[in-house]
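> Quick check, what structure comes out for this input:
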Amino acid sequence: MDQSHSITGQSRSADRKTIERNRRMQMKTLFSELNSLLPHQSSRETLTLPDQLDEAEKYIKKLQVNVEKKRERKKKLVATAGSSSFSSNVVDVSMSRRQPKIEIQETGSVLHVFLVTSLEHKFIFHESIRVITEEFGAEITYAGYSIVDDAVFHTLHCKVEECESGARSRISDRLEKVVNSVN
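Okay, here's the model as predicted:
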C-alpha cells in the first residue's frame, strides 16, 4: 500500500508540473497575441515584460475611450436623424411600387444623400453617383445600400469643395430632378 501511495503522489506531482507547463505556454501564447495587436514601436523589444504589459494596458484604455466617444457621437447622430424630416417622410416600407424619394443633408463640406427606391428603380442610385462625380466633380467618400422587402435604402456621402459657391444647392437640385423624373 505504501508503494501505491508513493506512485500516486509522483503521478500527481507530474500532473501538476504538466498543468503548470501548459498554463505557462498558454500565457506566453496569449501574451504574444496581445503584443502583436499593439502598434509597433522600435523600443518595445527593449522593454521588460511588465513594461510591455503596462503599454498594452494603456493602449487598450485608449481604445476604450475612443470607442466610448464614437458611441456618444453615434447617439447624437441617431437623435438628430430621428428628429429630421427624413425619418418621418421617407422610410415607409409598406408602400408597394414605391416612388423614389431623396433627402439631402449638409454637414460642413459633406453632403449626405439618402435615397429610397424600389428594386425596379435602383438605377437611380447609379445615376446619382454619375451626377455627383461627373457633372459636379465631387468626391464620393461612402456609398452603400440595404434592402428591406421591396425597398432599397441607398446612402451616399460626398465631399464638395468649399471654393465652388452654390455647388451644394446645385447638386441637391440636380439630384431631385433625377429622382422626380421617374415619378
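
> next helix or strand past the lowest-mean-pLDDT helix or strand in the chain?
Across the helices and strands of the chain, mean confidence by mean pLDDT, DSSP states H and E is lowest for helix 85-89: a mean of 45. Once the chain leaves helix 85-89, the next helix or strand it forms, by DSSP states H and E, is strand 101-107.

> May I have the strands that pair with that following strand, each with its orientation?
With DSSP bridges as the test, strand 101-107 is paired with strand 110-118 (antiparallel).

> Name the residue closest to the centre of this protein, please.
Residue closest to the mean C-alpha point of the chain, counted by Cα atoms, centre = their mean, is Lys70 at 10.2 Å.

> and that residue, what is it in contact with?
Residues near Lys70 by Cβ atoms under 8 Å, 6 or more residues apart in numbering: none. Where C-beta positions appear, they are placed from N, C-alpha and C, glycine not excepted.

> Let's verify it: helix, strand, or coil?
Under DSSP: H, G, I helix; E, B strand; the rest coil, the three-state class of Lys70 is helix.

> quick one, the helix or strand harbouring Ser146 and strand 110-118 angle?
Ser146 belongs to strand 139-148 when elements are defined using DSSP H and E. Angle, strand 139-148 to strand 110-118, by axes from the mean of the first three to the mean of the last three Cα atoms, to 10 degrees: 30 degrees.
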